[in-house]
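>>> What would the 3D arrangement of this be:
(chains A, B, C and D)
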Number of protein chains: 4
Amino acid sequence: MSDENCNNVKSLETTIELAVRFSETDAMGVVWHGNYLKFMEDAREEFGRQFKMEYLDVYGHGFFIPIVNSNINHKASVYYGQKVGITVKLEFRDAAKIIFHYDIYNLDTKELAAVGTTTQVFLHEKTRILELSKPEFYKEWENKQNWSE
Amino acid sequence: MSDENCNNVKSLETTIELAVRFSETDAMGVVWHGNYLKFMEDAREEFGRQFKMEYLDVYGHGFFIPIVNSNINHKASVYYGQKVGITVKLEFRDAAKIIFHYDIYNLDTKELAAVGTTTQVFLHEKTRILELSKPEFYKEWENKQNWSE
Amino acid sequence: MSDENCNNVKSLETTIELAVRFSETDAMGVVWHGNYLKFMEDAREEFGRQFKMEYLDVYGHGFFIPIVNSNINHKASVYYGQKVGITVKLEFRDAAKIIFHYDIYNLDTKELAAVGTTTQVFLHEKTRILELSKPEFYKEWENKQNWSE
Amino acid sequence: MSDENCNNVKSLETTIELAVRFSETDAMGVVWHGNYLKFMEDAREEFGRQFKMEYLDVYGHGFFIPIVNSNINHKASVYYGQKVGITVKLEFRDAAKIIFHYDIYNLDTKELAAVGTTTQVFLHEKTRILELSKPEFYKEWENKQNWSE
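Here you go, the predicted model:
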C-alpha cells in the first residue's frame, strides 16, 4: 500500500494486537483468509474508539457507513498460537469516502502477513441514499484531528 | 436425546443436508465445534420454511424467540470435504417453549457426529418481557400441524 | 468485473443459490460484508466439484492453492430471509494463477449485490515455495475442459 | 452453575474482558448466540496461557482434547458496542475429563448474560482413541497448581 501513500497525504493511525483464535484457523492450520476482515474490523473499531468516531456516533448523526469495497493481499501465513499486530491508517480525502489502509503483521515471525484496504461511504440512515458530500459532523471531526503528514 | 422422546410425544421433523465449508474447519482438520450451532440453525430455518413458522412470521406477531439454551454432545468428527445430514425435530410441549432436537450425521461415514438441543422462549418484541403462555398465533399454528406420534 | 472480460477469454462457470443464514447478518440487519467471502468460497467449491478440481485433489498432487488476493465491491444489501445466487467464473490464464470472478445477486430483489475476485497461486505442499509455472496435473485438467469463449 | 460448585471442590480460575465485534452481532442487534462459544474459547485459551496448559502443549504430549459437550444458558442480551467479561473456572475432577465453567457478564449493564460449560476428553493424537485415565503430564500439571478451595 505504501506506493499509494504519496508525500503530502495527511493521516491518522493506530495499532492493535490480538491473539489468533482457534476457531479462526482452517484445515490448512492457518488463519482462514476471510477472517482477516475481522481483524481489520477490530482495528477500525479501535481507531473509532481512540479518535471518537464510532459506528454508533455516526448513526446518531443519521448515517450508515457501509463498506463498499474491501481488498486484501496475503503475503504470509499466520498459524494458531501466533499473534498479529494490525496498523490501521486513515488518510485525509477530499471525497466523501472513508478509506482505511491496514498492515497486518505476524508478530511471532515479524513478517508482513497481509495488507488491505476498506472503503466506506455515507448513506442516509432512513432513505439509504448515498451522500455525495462529507456530512457536517464529519467535517467538524476532521477539523479537530491532529493529522500527521 | 432418544431417552427424552417418551412414547406419546407428538412431533414434527425435517432433514437437511449440507457440505461442510472449508471456513468451518479448524486447525485440527475437523469442523470447529461451535459451527454445529450454524448447522442446527440451518436445519431450524428449513423447518420454519417447511412448516410455515419463520422468524419473520414470529416478528410479525410481535414476538422474538431468542435461544435461551443450547446443548451439543459431540460423538464423531466431521472432516473437510464431507457432508452432514441434520434431522431437526420439534416435540409438542405444553409450556411456552420451543425445544428442538437435532441429530447430526456424517453422511460419508454414516456416523452420528453430534446430537443437540435448543430451547427458545417468547419475548414481547417491544418490551422484551417474557411471555409465559403460548401466544395465540402459535397455538393456531400448532393446531394446524399434522403431528406424528 | 465485466470490463476485464475481454472478447476472447475462454472461461468456465457455474452458479449456486443459497439462503442467507441468520448468523451471517449483523446489527444493521444485512449480511455482514465479510461473509461474502464465505459465499464466494461456497461457489468456488461447487465449481471444484462440478469440474473435478477440488482442494483435496490439488493436495493429492502436492500443492496448496492459498488465496493471495480477494476483492469485493458491494453494490446492494442482502437482508435476512433473502436468497443469493453466486455465479463463479474461471478465466483461462497463461500465468500460474487461478483467478475467479464472482457475481453475487440478491435473488429476491434481482439486484447485483456484489462482484468479487479471488486469486490463488500454487505452493508446494511440503516446502510452501511458490510454483511459477502451471503444474502438469493442472495443465492436463485445463486441456480436458470444454471452455466457452 | 453455582449450584454445582459444592463446598470442597478445588478450582482454578481467570477472567478476560473483550469488546463485542460488529461481525458477532446478528439482525436482532445482539450477539448471535453461537458466538458465545468463541468468547468461551477465548477465555479457555487465556486460562491455558496463564496456567501453562495450552493446546499445543497437550499436542506435544501426544493428545488432542476435543470438546465433547458444550452447554450455554442465555440470561440477558449483549449489544454491539458493549463489553463482556468472561470468568472461566476449572474444577478438579477425578475423572479424565476437563470441565470448564463460564460466567459471561455484560460489563456495561453488569448483568450476567450467560453461563456455560464445556467438557473435553483426552484422545491419543495418532489413534484418536479415548484415554480413560488422566495422562501423566496432566497429573503432574495438576499437582503443580495452587488450587483454591
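>>> Going by C-alpha atoms from here, please, whenever you check contacts or count neighbours.
OK.
>>> tell me the strands in chain A, going along the chain?
Along chain A, the segments classed as strands by DSSP state E run A:11-19, A:63-64, A:67-74, A:83-91, A:97-106, A:111-124, A:130-131.
>>> give me the low-pLDDT residue ranges for chain A?
A:1-7 (pLDDT under 70).
>>> Which positions in it make contact with chain B?
By C-alpha under 8 Å from any C-alpha of the partner chain, the residues of chain A that approach chain B are A:22-30, A:32, A:34, A:80.
>>> hmm, 7 Å instead?
Neighbours of chain B within chain A, by C-alpha under 7 Å from any C-alpha of the partner chain: A:22-23, A:25-30, A:32.
>>> related to what we said a few turns ago, mind putting the strands of chain A into a markdown table with mean neighbour count?
Shown next, in a markdown table, are the strands of chain A (neighbours: other C-alpha atoms under 10 Å in any protein chain shown):
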| stretch | mean neighbour count |
| --- | --- |
| strand A:11-19 | 17 |
| strand A:63-64 | 22 |
| strand A:67-74 | 20 |
| strand A:83-91 | 22 |
| strand A:97-106 | 22 |
| strand A:111-124 | 20 |
| strand A:130-131 | 14 |
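>>> Is it possible to get TSV of the ones you listed that adds distance to residue D:96?
Output for those, formatted as TSV (distance: least, C-alpha to C-alpha, whole Å):
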stretch	distance to residue D:96
strand A:11-19	29
strand A:63-64	51
strand A:67-74	41
strand A:83-91	31
strand A:97-106	36
strand A:111-124	39
strand A:130-131	59
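>>> ok, now which ones touch the residue located most distally from the centre of chain A?
Distance to the chain centre peaks in chain A at residue A:27, reaching 27.0 Å (criterion: C-alpha atoms, centre = their mean). Contact criterion C-alpha atoms under 7 Å, 6 or more residues apart in numbering or on different chains gives B:25-30 as the residues in contact with residue A:27.
>>> What of residue A:136?
Counted by C-alpha under 7 Å, 6+ apart, residue A:136 has zero contacts.
>>> Next one: it relative to residue D:29, how far apart?
27 Å (C-alpha to C-alpha, to the nearest Å).
>>> between the lengthiest helix in chain A and strand A:11-19, how big is the angle?
Looking across chain A with DSSP state H, the single longest helix is helix A:36-51. Using axes from the mean of the first three to the mean of the last three C-alpha atoms, to 10 degrees, the inter-axis angle of helix A:36-51 relative to strand A:11-19 is 120 degrees.
>>> Just confirm yes or no for helix A:36-51 near chain C.
Yes: contact of helix A:36-51 with chain C (C-alpha under 7 Å from any C-alpha) involves residue A:37.
>>> which parts of chain A sit against chain C?
Counting by C-alpha under 7 Å from any C-alpha, the residues of chain A that sit close to chain C are A:34, A:37, A:68-75.
>>> Among the contacts of residue A:27, which one sits closest to chain D?
When the contacts of residue A:27 are compared for distance to chain D (C-alpha to the nearest C-alpha), residue B:28 comes out closest, at 8.8 Å.
>>> contacting residues around that closest one?
So residue B:28 contacts residue A:27 (C-alpha under 7 Å, 6+ apart).
>>> List phi and psi for it.
Phi and psi for residue B:28, reported as degrees, to the nearest 10, are phi -90, psi 0.
>>> Tell me the spacing between it and chain C.
Distance from residue B:28 to chain C, counting by C-alpha to the nearest C-alpha, to the nearest Å: 16 Å.
>>> State the number of residues packed around residue A:39.
If you count neighbours by other C-alpha atoms under 10 Å in any protein chain shown, residue A:39 ends up with 21.
>>> do you know how far it is from residue A:46?
In terms of C-alpha to C-alpha, residue A:39 sits 11 Å off from residue A:46.
>>> I'd like the C-alpha coordinates of stretch A:114-122 written as CSV, please.
The C-alpha trace of stretch A:114-122 is given here as CSV (Å, rounded to 0.1, in the frame of the first residue of the first chain):
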residue,chain,number,x,y,z
ALA,A,114,-1.2,-9.1,4.7
VAL,A,115,-2.1,-5.6,3.6
GLY,A,116,-5.6,-4.4,3.0
THR,A,117,-8.0,-1.6,2.4
THR,A,118,-11.6,-0.9,3.0
THR,A,119,-13.8,1.9,1.6
GLN,A,120,-16.9,3.2,3.3
VAL,A,121,-19.4,5.7,2.0
PHE,A,122,-22.1,7.8,3.8
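>>> re earlier: how about the nearest residue to the residue farthest from the centre of chain A, chain neighbours excluded?
In this structure, residue A:27 finds its nearest non-sequential neighbour in residue B:29, 4.2 Å apart by C-alpha to C-alpha, 6 or more residues apart in numbering or on different chains.
>>> With residue A:103 instead?
Leaving out its chain neighbours, the residue that sits closest to residue A:103 by C-alpha to C-alpha, 6+ apart is residue A:115, at 4.7 Å.
>>> Then residue A:58?
Nearest residue to residue A:58, sequence neighbours excluded (C-alpha to C-alpha, 6+ apart): residue A:64, at 6.7 Å.
>>> cool, and residue A:96?
Once flanking residues are discounted, residue A:96 sits nearest to residue A:134: 4.7 Å by C-alpha to C-alpha, 6+ apart.
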